[in-house]
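> Got a predicted structure here, sequence first:
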Amino acid sequence: MPPPRGRREPPRYAVELPGAQLLHFALAPPGAAAAAAAAPGCFPPPPARCYSLCVPPARGGGVRAARLLRRLQQRLGEGGWAGCRVLPLLCYGPRRRPRRGFLLQDPRGAPGTGRRLAELLRAQAAPRPPLAVYEADARGALRQRLWALAAGGGRRLLRRARVVAAAAPPLHPAAAALRGGALPPSAPAARARLRQCASVIPEASAVLEILEKCPRHPEKGEFPVIVVEGLDATGKTTVTESVKDALNAVLLRSPPACISQWRTTFDNEPTLIRRTFYAAGNYILASEIAKASSQSPVIVDRYWHSTAAYAIATEINGKVEDLPPAHHEVYQWPKDLLKPDLVLLLTLSPEERIRRLQGRGLEKTKEEAELEANSLFRQKVEESYRRMVNPACQEVDASPSKEEVLKTVLKVIKKHCAL
Ligand SMILES: Nc1ncnc2c1ncn2[C@@H]1O[C@H](COP(=O)(O)OP(=O)(O)OP(=O)(O)O)[C@@H](O)[C@H]1O
Ligand SMILES: Nc1ccn([C@H]2C[C@H](O)[C@@H](COP(=O)(O)O)O2)c(=O)n1
């Protein structure tokens, strides 16, 4: 039965354990049968103690929330929290926008841990997220107490509820918030978020200025536009440069050269802000594609499919099975972005990809390092690419020699595009 009008169902939570296993728990509604209470396995028994924090997106978007959460996580990673474990947490519910946060497990149940967490929170500018503290009662049932922390040192109890295990929802709870959240769906959304960032990241104003100068609805010229996608080191640079020579095409890259000097700045920001940069880059690139495709074929090294696939794989913690199902709206091309004629997806075995990465010996971005370390993440990126539609990716096996791969790529292009 849905909760009475005006009253929201108590929140649910998904905590990510090592090995990408998701554990769901919920707060029992007041008066619910005690038999339903069974704490999930992410709460070790006393003396261990757990705390959690979820950062609500403030009015006007998630820029502040994303930066606050990252600041807190950095402080927890700085040491001095001996033996404590921080696990990613998502708070969700049917009428709630998912909130990101973390669950902190203190195996020793040291009394100072909660105090230090509270101090850390009080040091943040208002509005501060409340702190949840988990404790077993005399009968062994687990309870959550939610505290609002005042800057001066006081605290106020907001809620006290029993913690019960919950079943996994049919769709990963973060999937609902991908559109309009981690995946800016449109140029107006990217512009709005860049505006929100401008006061804290001066480079956002510079990107916005360039984006504002681009035509709102750039149209493709008569020549074909071919995009090459794939994980890093699958051969996109090699293929796009050879195709450029073979077809006398213009080669463009995403993010485009006019904003790439600010890439490192945005790569060091929380994912929500980083994705805004790449999304804005795609819209800027679209106007370059429009212009170039009126003169000659255009070959593009990464475009929207990259932004979407990496964002989906980052936001959906868990395994490949936790990705939104095929045909979900997150795999659809944005309505307001210039569409290419053909998208090729270069694929390689993980072993050969690592060999090529090592052979190249370049400095890795954080995400590339994660790709290498985290095969689950790589699988989620590649599977997201495969689920993209309208246009879908045409997969090309990139394991043969450079010459063979180029031959195959040119064959696919000739089959799909009028040259
Ligand atoms: N078919 C191939 N056989 C063997 N080596 C290859 C082949 N294609 C590319 N390489 C080599 O693999 C490495 C990675 O290729 P490349 O730089 O083209 O990949 P990329 O997809 O553009 O990577 P990134 O996305 O990280 O820029 C390079 O050293 C390149 O010379
Ligand atoms: N259109 C784009 C282009 C790139 N990205 C992101 C995805 C990865 O984090 C990284 C890979 O780029 P590369 O190292 O191959 O230049 O950049 C994106 O999200 N959207």
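Nice, thanks for sending it over. Ligands and ions are numbered 1, 2, ... in the order given.
> so what's Asn248 closest to, chain neighbours aside?
Once flanking residues are discounted, Asn248 sits nearest to Ser296: 6.2 Å by Cβ to Cβ, 6 or more residues apart in numbering. All C-beta atoms are positioned from the backbone trio N, CA, C, and that covers glycine.
> For Leu346, pull up the helix or strand it's in.
Counting by DSSP states H and E, the secondary-structure element that holds Leu346 is strand 342-347.
> If we go by neighbour counts, what in that strand is buried?
By neighbour count on 16 or more other Cβ atoms under 10 Å, the buried set for strand 342-347 is 342-347.
> go on, stretch 299-319?
So stretch 299-319, judged by 16+ other Cβ under 10 Å, has buried residues 299-318.
> So which of these are in strands?
If you go by DSSP state E, the buried residues of stretch 299-319 have 299-301 in strands.
> Specify which member of the residues you listed is nearest to ligand 2.
Asp301 (7.7 Å; Cβ to the nearest ligand atom).
> Identify the residues contacting the residue in the stretch 301-419 of the chain that ligand 1 sits nearest to.
Ranking the residues of the stretch 301-419 of the chain by distance to ligand 1 (Cβ to the nearest ligand atom) places Arg356 first, at 3.5 Å. Arg356 makes contact with 233-235, 348, according to Cβ atoms under 8 Å, 6 or more residues apart in numbering.
> so which of these also contact ligand 1?
Among these, proximity to ligand 1 is found for 233-235 (Cβ under 6 Å from any ligand atom).
> between the residues you listed, which is nearest ligand 2?
Ala233 (8.5 Å).
> for ligand 1, what are the nearby residues on the stretch 101-250 of the chain?
The interface of the stretch 101-250 of the chain toward ligand 1, taken as Cβ under 6 Å from any ligand atom, is made up of 230, 232-238.
> and the two most separated of those residues?
Greatest spatial distance in these: Asp232 and Thr238, 12.3 Å, computed using Cβ to Cβ.
> Looking at the two, which has the bigger crowd around it?
Counted by other Cβ atoms under 10 Å, Asp232 and Thr238 do not tie: Asp232 has more neighbours, with 21 against 17.
> Tell me the confidence at the more buried one?
pLDDT, Asp232: 91.
> Wait, it touches Arg360, no?
No. Taking contacts as Cβ atoms under 8 Å, Asp232 lies outside contact range of Arg360: 9.3 Å.
> one step back: is it possible to export the ones in strands among the buried residues of stretch 299-319 to a markdown table including distance to ligand 1 and pLDDT?
Shown next, in a markdown table, are these (distance: Cβ to the nearest ligand atom, whole Å; pLDDT from 0 to 100):
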| residue | distance to ligand 1 | pLDDT |
| --- | --- | --- |
| Ile299 | 12 | 98 |
| Val300 | 12 | 98 |
| Asp301 | 7 | 98 |
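> mind giving me JSON lines with those residues and columns for distance to Phe277?
Converted to JSON lines, those look like this (distance: Cβ to Cβ, whole Å):
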{"residue": "Ile299", "distance to Phe277": "23"}
{"residue": "Val300", "distance to Phe277": "18"}
{"residue": "Asp301", "distance to Phe277": "17"}
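> Residues of this structure that sit close to ligand 2?
Residues of the chain lying near ligand 2 (Cβ under 6 Å from any ligand atom): 232, 254-255, 278, 281-282, 302-303, 306-307, 310, 365, 367.
> Which members of these occur in helices, if any?
Of the residues of the chain next to ligand 2, the ones assigned to helices by DSSP state H are 278, 281-282, 306-307, 310, 367.
> could you measure Val412 against Leu406, distance?
11 Å (Cβ to Cβ, to the nearest Å).
> So for the two, which sits in the more crowded spot?
The neighbour comparison of Val412 against Leu406 (other Cβ under 10 Å) goes to Leu406, with 19 against 15.
> ok, and the closest non-adjacent residue to the more buried one?
Ser242 is the one closest to Leu406 (Cβ to Cβ, 6+ apart), at 4.7 Å.
> in the chain, what spans have low per-residue confidence?
Within the chain, the stretches with pLDDT under 70 are 1-8, 32-37, 58-61, 180, 182, 184-185, 361-373.
> for it, what spans make up the strands?
Using DSSP E, strands in the chain cover 12-17, 21-27, 49-55, 85-93, 96-106, 131-136, 142-149, 155-165, 225-230, 250-253, 298-301, 342-347, 393-397.
> from the stretch 51-200 of the chain, which residue is nearest to ligand 2?
Relative to ligand 2, the nearest point of the stretch 51-200 of the chain is Leu183 (10.1 Å; Cβ to the nearest ligand atom).
> any idea how far the closest residue in space to that residue that isn't next to it in sequence lies from Cys84?
Excluding the flanking residues, the one nearest Leu183 by Cβ to Cβ, 6+ apart is Ala311, at 5.1 Å. As judged by Cβ to Cβ, Ala311 and Cys84 stand 29 Å apart.
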